[in-house]
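1. this one's sequence-less:
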């Protein structure tokens, strides 16, 4: 009897589908899946042969007939069919119980999502076997996950820096006062590093190398020792042979600073949109950073000096959004209030007129 009952248990899932990673948490179990948002595809048959971390391990070292692709672009669905299959695989991996488990899920979306992008995401979730789907703005979810209480009447500012998007949200009483999104995130650092090495150092490098440079060597704040070096290996641009160069922290810093400055400028611009009471709250409380980009060395120090406000990094910043999403199942009235309806997204979409 217990086994039969288990097959009809409803799992409440929180899904943060990002360009770089998909993170799933289950109510009562916490984070159960954290995988790269990648699939490996056999180009001859168009069959997906690997998902997530297994696909990421192949990236840059694929076999002759394989290619590793990211179905999500800029935080939204770029390839519907592969997004659907990837999400279905991740949901199946995260599920408890048997095949008949009914699911409800709350998913995060960027603040400037269009109706077409929203529909693609909900259709992919529906095809993945999720019974009921709620959509919630990423900035609000990140705020709740960073410890902002839905009952707090004072405003809080949260900047969620993802791989391909940066979301800025000002939240009070469990609602968004103002939000903006930039399809520009920490992946821009990887791209700029790769471009610099190719153009100025004559070496081509892969994504794994630029990611390690960003996370282990780069800094958003001027390093104390700009002569510190690291060896970078790749392929010589001219001879196409294996090669290596040494790069200094002083050479890397301006590349990283240029990307972080763009984020800082966007935050500073958004602060000018606030009402006086909200501005006063933010002056006292400062800005909370979430997302994987918040782990960039020195980014809090850089932003603090740029916007002249306190800047703190949330605990487990990569999991702030998914932790905020899963909290919604503790208060269904709040979930109904903050989740985005299709009508609301339609109203926010740009008008289209046929001629």
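-> Yes, it's here. Fair warning: this is a prediction, and the values are worked out from it, not measured in the lab.
2. which residues are contacting stretch 34-47?
-> Under the criterion CB atoms under 8 Å, 6 or more residues apart in numbering, residues 17-24, 48-56, 58-59, 62, 65-72, 82, 85-86, 90, 318 lie in contact with stretch 34-47. Backbone N, C-alpha and C define where each C-beta goes, glycine included.
3. Could you tell me the end-to-end distance of that stretch?
-> End-to-end distance of stretch 34-47 (CA to CA, to the nearest Å): 23 Å.
4. Next: stretch 149-165.
-> End-to-end distance for stretch 149-165: 24 Å, by CA to CA.
5. Put the buried members of the contacts of stretch 34-47 into a ChimeraX selection.
-> ChimeraX command restricting the contacts of stretch 34-47 to the buried ones, with burial defined by 16 or more other CB atoms under 10 Å:
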select :17,18,19,20,21,22,23,24,48,50,51,52,55,56,58,59,66,68,70,71,72,82,85,86,90,318
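6. Going by length in residues, pull out the top helix of this structure.
-> Ordering each helix of the chain by length in residues (DSSP state H) puts helix 249-271 first.
7. what packs against that helix?
-> When contacts are defined as 3 or more CB pairs under 8 Å, 6 or more residues apart in numbering; DSSP states H and E, helix 249-271 sits against strand 156-161, strand 166-172, strand 175-182, helix 187-200, helix 299-307.
8. Can you list which of the contacts of stretch 34-47 are found in strands?
-> Among the contacts of stretch 34-47, the members falling in strands (DSSP state E) are 17, 21-24, 48-51, 66-69, 72.
9. Closest one to residue 337 out of those, please.
-> If you rank those by distance to residue 337 using CB to CB, residue 17 comes first, at 22.6 Å.
10. check contacts around the residue nearest to residue 208 when sequence neighbours are not counted.
-> Closest residue in space to residue 208, ignoring its immediate chain neighbours: residue 60 at 5.9 Å, by CB to CB, 6 or more residues apart in numbering. Residue 60 sits next to 68, 206-208 when contact means CB under 8 Å, 6+ apart.
11. ok, back up a step: any idea which of the ones in strands among the contacts of stretch 34-47 is closest to residue 255?
-> Closest approach to residue 255 among the ones in strands among the contacts of stretch 34-47 (CB to CB): residue 21, at 23.3 Å.
12. Residue 172 - how many residues pack around it?
-> Close neighbours of residue 172, defined as other CB atoms under 10 Å, add up to 18.
13. Just confirm it contacts residue 281, I think it does.
-> Yes: using CB atoms under 8 Å, residue 172 makes contact with residue 281 at a distance of 7.5 Å.
14. so where is the stretch 201-350 of the chain shaky, pLDDT-wise?
-> For the stretch 201-350 of the chain, the stretches with pLDDT under 70 are 341-350.
15. thinking again about what came up before, in helices, which of the contacts of residue 60 fall?
-> When DSSP H defines the helices, the subset of the contacts of residue 60 inside them is 207-208.
16. Can you say which of the contacts of residue 60 are buried?
-> The neighbour count (16+ other CB under 10 Å) marks residue 68 as buried among the contacts of residue 60.
17. between the contacts of residue 60, which is nearest residue 198?
-> Closest to residue 198 out of the contacts of residue 60 is residue 206 (11.6 Å), distances taken as CB to CB.
18. In space, what's closest to the closest one - neighbours in sequence excluded?
-> Excluding the flanking residues, the one nearest residue 206 by CB to CB, 6+ apart is residue 60, at 4.1 Å.
19. Done for today, thanks.
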